[in-house]
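[1] Dropping the sequence and predicted coords here.
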2 protein chains.
Amino acid sequence: MTKEPTKAATPTAARADAKGRAPADAAPASNRATRAAERRSAIVEAAMEEFIARGFAATRLDDIARRAGVAKGTIYLHFKDKESMFEELVRTVIVPVVAKLNALPPPTGSVRDLVEAFAGNFLREVIGTRRGDLVRLIVAEGPRFPSVADFYYREVVSRGIAGMRALIELGIARGEIREKNLARYPQILVAPAMIAVIWQSLFARHAPLDAQDMLRVHLDLIFGERRTT
Amino acid sequence: MTKEPTKAATPTAARADAKGRAPADAAPASNRATRAAERRSAIVEAAMEEFIARGFAATRLDDIARRAGVAKGTIYLHFKDKESMFEELVRTVIVPVVAKLNALPPPTGSVRDLVEAFAGNFLREVIGTRRGDLVRLIVAEGPRFPSVADFYYREVVSRGIAGMRALIELGIARGEIREKNLARYPQILVAPAMIAVIWQSLFARHAPLDAQDMLRVHLDLIFGERRTT
DNA sequence: TGACTATGACTGACCAGTCAGTCATAAATG
DNA sequence: CATTTATGACTGACTGGTCAGTCATAGTCA
């Protein structure tokens, strides 16, 4: 364009270096479709990073593009606009989570063990990770993106609540859980975990929180003092 | 502005009507200081409304000014810039809350009653009110405004946690609370309340949550099944 | 297989709109 | 009338979105 139409000299390999970065260009990228998919996921990754760090409104598409090693225009080949990019991004990142939720192990062992394993896993995979930040992001932007909040509720929250409820009812049936009303509010079961997520991102440096240990105490509250040990 | 530059005719009284609203202009406003204070609080009120609705970055100062019934320039007579306005705003709104926290009633009656009264009050005054939205706002913008997060932690969270801990220890001493480790994590006590705040602003229309009732169940968990009734 | 063409993914300069912050002017005050 | 306070038009910087042009790759043909 205006720049230097004479740059026709640009050889094959030089191109990647010409831009700021060479992303995951290790593989020569077989066909177009593959490359496109790679681009897209690079954009998603970069966008998540930026949105988490700055929030929706304050994030610049230029920054996303630079971080993804892509020109700004490329973003618009994959997403309609900033808004729908945000929405699709959340969907994309959430999907694997949903998959995991659906693959709940069959109820074996004590309910307490089940819940402990499940929640322990949750903490490990969410607290202090990108995923945890995503949760905060959804809390932050949800009210301005009803479709995101809806999606998140439908795909994650309602399923999670249902699963928890089933577990609680099992625990009640087996006599492990005394408080029958708990089945009405499975939220109580996960509340400390949610708090831990938020706490970490806001107050960790003032007063770090041992989420794992807090969870143990909370479960003692529900199941009674620690069973064996 | 763009409207009609010829409105130079605007007489004294007409001014208030000229803009969208006439705030608390009933009183002729005695001295300057009073008027200034009124202006300031009108700005704070309007700003809170806008920030809650749109978040920091997406909020326009023009909108705040219009809502406050004030010219944009006036804002800059009270605040250095948008950022420090946000910070001061949070401080201003939080202060009364701190005052209430400090005025905790002396420990009389059962601890359960105390906690129930306290938490009930909390729910009534926070859930579904502007204050609840403010909490969400702090969660949302906190990471980008460390000074706000710090302030909130210092003035509200740490005090609240300390108060809760004292209450829990009292409950343990009196034998009302069995789980001794709870004193290590007062967060557990308030977790459901926090969850309720967030739930209301995100998922209320999908599945309204009876926060009051949920809280009761949670307290049953901590204090054992309902004592008298 | 090697040369030649068609395709469309990709680029980035550009534009139009937006908004935080300023300041010359006007109004109110005492 | 001098001083303090308020106004809102204006500016300059910034950013979401566009599009004419480029070029590596896939496809075609001899």
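    It's in.
[2] Quick check: next helix or strand after the lengthiest helix in chain A?
    In chain A, assigned by DSSP state H, the helix with the most residues is helix A:32-54. Next helix or strand after helix A:32-54 toward the C-terminus (DSSP states H and E): helix A:61-68.
[3] That next one near chain B anywhere?
    No: using CB under 8 Å from any CB of the partner chain, helix A:61-68 stays clear of chain B, with a minimum separation of 13.6 Å. The C-beta positions use only the backbone N, C-alpha and C, and glycine is treated the same way.
[4] Could you check the angle that helix makes with helix A:32-54?
    Interaxial angle, helix A:61-68 versus helix A:32-54 (axes from the mean of the first three to the mean of the last three CA atoms, to 10 degrees): 120 degrees.
[5] For the helix or strand following helix A:61-68, the averaged confidence score.
    Using DSSP H and E, the helix or strand that directly follows helix A:61-68 along the chain is helix A:72-78. The average pLDDT for helix A:72-78 rounds to 95.
[6] Beyond helix A:72-78, next helix or strand please.
    Sequence order places helix A:82-102 as the next helix or strand after helix A:72-78, per DSSP H and E.
[7] Now the element after that next one, going C-ward?
    The first helix or strand that comes after helix A:82-102 along the chain, using DSSP H and E, is helix A:111-126.
[8] Where does pLDDT dip in chain A?
    Low-confidence segments of chain A (pLDDT under 70): A:1-33, A:104-107, A:226-229.
[9] What are the structural domain limits within chain A?
    A:25-80, A:94-223 (automatic domain parsing).
[10] Surely A:Ile168 is in contact with A:Ile177?
    Yes: with contact defined as CB atoms under 8 Å, A:Ile168 counts as touching A:Ile177 (6.3 Å).
[11] so which helix or strand takes in A:Gly128?
    With DSSP H and E as criterion, A:Gly128 is part of no helix or strand.
[12] How about the contacts made by the nearest residue to A:Leu101 once chain neighbours are set aside?
    Nearest residue to A:Leu101, sequence neighbours excluded (CB to CB, 6 or more residues apart in numbering or on different chains): A:Arg159, at 5.4 Å. Contacts for A:Arg159 (CB atoms under 8 Å, 6 or more residues apart in numbering or on different chains) come out as A:Val98, A:Leu101, A:Asn102.
[13] which one among those residues gets closest to DNA strand D?
    Nearest to DNA strand D among the contacts of A:Arg159: A:Val98, at 27.1 Å, using CB to the nearest atom of the strand.
[14] surely that closest one meets A:Arg154?
    No: applying CB under 8 Å as the test, A:Val98 and A:Arg154 come out as separate, 9.7 Å apart.
[15] The domains of chain A: which one's closest to DNA strand D?
    That would be domain A:25-80 among those, by CB to the nearest atom of the strand, at 3.3 Å.
[16] how far is the closest one from where the chain is centred?
    17 Å (CA atoms, centre = their mean, to the nearest Å).
[17] That domain near DNA strand C at all?
    Yes: using CB under 7 Å from any atom of the strand, domain A:25-80 reaches DNA strand C at A:Arg32, A:Arg35, A:Ala36, A:Arg39, A:Gly69, A:Val70, A:Ala71, A:Lys72, A:Gly73, A:Thr74, A:Tyr76, A:Leu77.
[18] Export these to JSON lines and append columns for neighbour count and distance to chain B.
    Shown next, in JSON lines, are these (neighbours: other CB atoms under 10 Å in any protein chain shown; distance: CB to the nearest CB, whole Å):
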{"residue": "A:Arg32", "neighbour count": "8", "distance to chain B": "37"}
{"residue": "A:Arg35", "neighbour count": "14", "distance to chain B": "34"}
{"residue": "A:Ala36", "neighbour count": "14", "distance to chain B": "31"}
{"residue": "A:Arg39", "neighbour count": "20", "distance to chain B": "27"}
{"residue": "A:Gly69", "neighbour count": "19", "distance to chain B": "25"}
{"residue": "A:Val70", "neighbour count": "22", "distance to chain B": "23"}
{"residue": "A:Ala71", "neighbour count": "13", "distance to chain B": "24"}
{"residue": "A:Lys72", "neighbour count": "14", "distance to chain B": "19"}
{"residue": "A:Gly73", "neighbour count": "9", "distance to chain B": "24"}
{"residue": "A:Thr74", "neighbour count": "17", "distance to chain B": "24"}
{"residue": "A:Tyr76", "neighbour count": "13", "distance to chain B": "21"}
{"residue": "A:Leu77", "neighbour count": "12", "distance to chain B": "26"}
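[19] ok, and what's touching the longest helix of chain A?
    Under CB under 8 Å, 6+ apart, the answer for helix A:32-54 is A:23-24, A:29, A:59-60, A:63-65, A:67-70, A:74-75, A:78-79, A:85-86, A:89, A:92-93, A:130, A:133-134, A:136-137, B:57, B:143-144.
[20] Repeat that for stretch A:198-209.
    Contact with stretch A:198-209 is made by A:127-128, A:132-133, A:136, A:139, A:196, A:211, B:138-139, B:142-143, B:149-150, B:152-153, B:157-158, B:187, B:194, as judged by CB under 8 Å, 6+ apart.
[21] Report the buried members of those.
    Among the contacts of stretch A:198-209, those scoring as buried are A:127-128, A:132-133, A:136, A:139, A:196, A:211, B:138-139, B:142-143, B:149, B:152-153, B:157, B:187, B:194 (criterion: 16 or more other CB atoms under 10 Å in any protein chain shown).
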